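*Asks:* got a structure for you, letters missing:
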(Lines give C-alpha, C1' and ligand atoms only; values in the text may rest on other atoms or scores of the structure.)
Protein backbone atom coordinates (compact mmCIF):
# COMPACT_ATOMS: atom_id res chain seq x y z
CA UNK A 1 0.00 0.00 0.00
CA UNK A 2 1.29 3.42 -0.92
CA UNK A 3 2.11 5.70 1.97
CA UNK A 4 0.27 9.00 1.67
CA UNK A 5 1.98 12.27 2.45
CA UNK A 6 0.45 14.63 4.98
CA UNK A 7 -0.63 16.84 2.06
CA UNK A 8 -2.39 13.87 0.41
CA UNK A 9 -4.11 12.97 3.68
CA UNK A 10 -5.26 16.55 4.19
CA UNK A 11 -6.61 16.71 0.63
CA UNK A 12 -8.41 13.38 1.10
CA UNK A 13 -9.98 14.59 4.34
CA UNK A 14 -10.94 17.90 2.75
CA UNK A 15 -12.62 16.14 -0.20
CA UNK A 16 -14.54 13.85 2.14
CA UNK A 17 -15.72 16.80 4.26
CA UNK A 18 -16.83 18.68 1.14
CA UNK A 19 -18.70 15.59 -0.08
CA UNK A 20 -20.59 15.45 3.21
CA UNK A 21 -21.53 19.14 2.85
CA UNK A 22 -22.70 18.58 -0.74
CA UNK A 23 -24.91 15.70 0.35
CA UNK A 24 -26.34 17.89 3.12
CA UNK A 25 -27.36 20.46 0.48
CA UNK A 26 -28.92 17.69 -1.62
CA UNK A 27 -30.86 16.49 1.42
CA UNK A 28 -32.02 20.03 2.18
CA UNK A 29 -33.16 20.42 -1.42
CA UNK A 30 -35.00 17.08 -1.56
CA UNK A 31 -36.60 17.58 1.87
CA UNK A 32 -37.96 20.92 0.66
CA UNK A 33 -38.75 19.98 -2.94
CA UNK A 34 -42.38 21.10 -2.52
CA UNK A 35 -41.36 24.44 -0.98
CA UNK A 36 -38.08 25.47 -2.58
CA UNK A 37 -38.88 29.12 -1.85
CA UNK A 38 -38.07 28.34 1.79
CA UNK A 39 -34.50 27.32 1.04
CA UNK A 40 -33.63 29.51 -1.96
CA UNK A 41 -32.01 32.20 0.22
CA UNK A 42 -29.81 29.57 1.90
CA UNK A 43 -28.64 28.13 -1.41
CA UNK A 44 -28.08 31.59 -2.90
CA UNK A 45 -25.99 32.48 0.17
CA UNK A 46 -24.00 29.30 -0.37
CA UNK A 47 -23.35 30.48 -3.92
CA UNK A 48 -22.23 33.87 -2.65
CA UNK A 49 -19.77 32.23 -0.26
CA UNK A 50 -18.41 30.15 -3.15
CA UNK A 51 -17.96 33.33 -5.20
CA UNK A 52 -16.20 35.04 -2.30
CA UNK A 53 -13.79 32.10 -2.06
CA UNK A 54 -12.97 32.49 -5.76
CA UNK A 55 -14.83 29.46 -7.08
CA UNK A 56 -15.88 30.02 -10.69
CA UNK A 57 -19.59 29.58 -11.35
CA UNK A 58 -18.80 27.22 -14.24
CA UNK A 59 -17.53 24.67 -11.72
CA UNK A 60 -21.00 24.38 -10.21
CA UNK A 61 -22.34 23.11 -13.54
CA UNK A 62 -20.14 20.03 -13.66
CA UNK A 63 -20.98 18.73 -10.19
CA UNK A 64 -24.06 16.81 -11.41
CA UNK A 65 -22.32 15.10 -14.32
CA UNK A 66 -19.34 14.22 -12.10
CA UNK A 67 -21.67 12.83 -9.44
CA UNK A 68 -23.55 10.72 -12.01
CA UNK A 69 -20.32 9.50 -13.58
CA UNK A 70 -18.96 8.49 -10.17
CA UNK A 71 -22.02 6.77 -8.74
CA UNK A 72 -23.36 5.18 -11.94
CA UNK A 73 -21.00 2.15 -12.01
CA UNK A 74 -21.75 1.33 -8.39
CA UNK A 75 -25.50 1.38 -8.89
CA UNK A 76 -25.47 -0.31 -12.30
CA UNK A 77 -23.79 -3.33 -10.70
CA UNK A 78 -26.70 -3.53 -8.27
CA UNK A 79 -29.25 -2.88 -11.02
CA UNK A 80 -30.34 0.31 -9.26
CA UNK A 81 -29.50 2.79 -12.02
CA UNK A 82 -31.55 3.90 -14.99
CA UNK A 83 -31.43 6.71 -17.50
CA UNK A 84 -34.51 8.20 -15.85
CA UNK A 85 -32.78 8.20 -12.47
CA UNK A 86 -29.70 9.83 -14.00
CA UNK A 87 -31.85 12.54 -15.56
CA UNK A 88 -33.45 13.25 -12.18
CA UNK A 89 -30.07 13.53 -10.45
CA UNK A 90 -28.76 15.81 -13.19
CA UNK A 91 -31.86 18.00 -12.89
CA UNK A 92 -31.45 18.25 -9.10
CA UNK A 93 -27.82 19.30 -9.42
CA UNK A 94 -28.65 21.71 -12.25
CA UNK A 95 -31.36 23.38 -10.17
CA UNK A 96 -29.06 23.67 -7.17
CA UNK A 97 -26.26 25.14 -9.29
CA UNK A 98 -28.67 27.66 -10.83
CA UNK A 99 -29.83 28.72 -7.36
CA UNK A 100 -26.24 29.00 -6.18
CA UNK A 101 -25.35 31.16 -9.19
CA UNK A 102 -27.89 33.72 -8.02
CA UNK A 103 -25.38 34.41 -5.23
CA UNK A 104 -22.81 35.46 -7.83
CA UNK A 105 -22.74 38.91 -9.43
CA UNK A 106 -24.65 38.76 -12.72
CA UNK A 107 -21.51 39.34 -14.80
CA UNK A 108 -19.83 36.34 -13.11
CA UNK A 109 -22.62 33.82 -13.79
CA UNK A 110 -21.14 31.63 -16.47
CA UNK A 111 -21.99 28.20 -17.88
CA UNK A 112 -19.37 25.50 -18.24
CA UNK A 113 -18.11 25.15 -21.81
CA UNK A 114 -18.37 21.38 -21.30
CA UNK A 115 -22.17 21.60 -21.04
CA UNK A 116 -22.77 23.74 -24.13
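*Replies:* Great, that's in hand. Bear in mind that the values here come from a model prediction, so they are computed numbers and not experimental data.
*Asks:* Torsion angles phi and psi at residue 89?
*Replies:* Dihedral angles phi and psi of residue 89 (degrees, to the nearest 10) take the values phi -60, psi -40.
*Asks:* Help me confirm that it comes into contact with residue 66.
*Replies:* No - under the criterion of C-beta atoms under 8 Å, residue 89 lies out of contact with residue 66, with a separation of 11.0 Å. C-beta: built from backbone N, CA, C; applies to glycine.
*Asks:* Between those two, tell me which one has more neighbours.
*Replies:* A count of neighbours by other C-beta atoms under 10 Å puts residue 89 above the other of residue 89 and residue 66, at 18 against 11.
*Asks:* show me what contacts that one?
*Replies:* Listed by C-beta atoms under 8 Å, 6 or more residues apart in numbering, the contact partners of residue 89 are 64, 67-68, 71.
*Asks:* For ChimeraX, write a command that selects the buried ones of these.
*Replies:* Selecting the buried subset of the contacts of residue 89 in ChimeraX, with 16 or more other C-beta atoms under 10 Å as the burial test, is done by:
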select :64,67,68
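*Asks:* Using CSV, lay out the contacts of residue 89 together with distance to residue 114, pLDDT and secondary structure.
*Replies:* Putting the contacts of residue 89 into CSV (distance: C-beta to C-beta, whole Å; pLDDT from 0 to 100; DSSP: H, G, I helix; E, B strand; the rest coil) gives the following:
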residue, distance to residue 114, pLDDT, secondary structure
64, 12, 94, helix
67, 14, 93, helix
68, 13, 94, helix
71, 19, 93, helix
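*Asks:* Residue 102: which of the contacts of residue 89 is nearest?
*Replies:* Using C-beta to C-beta, the shortest approach to residue 102 within the contacts of residue 89 belongs to residue 64, at 17.2 Å.
*Asks:* contacting residues around the closest one?
*Replies:* When contacts are counted by C-beta under 8 Å, 6+ apart, residue 64 touches 89-90, 92-94, 97.
*Asks:* rerun at 10 Å
*Replies:* By C-beta atoms under 10 Å, 6 or more residues apart in numbering, the residues touching residue 64 are 86, 89-97, 115.
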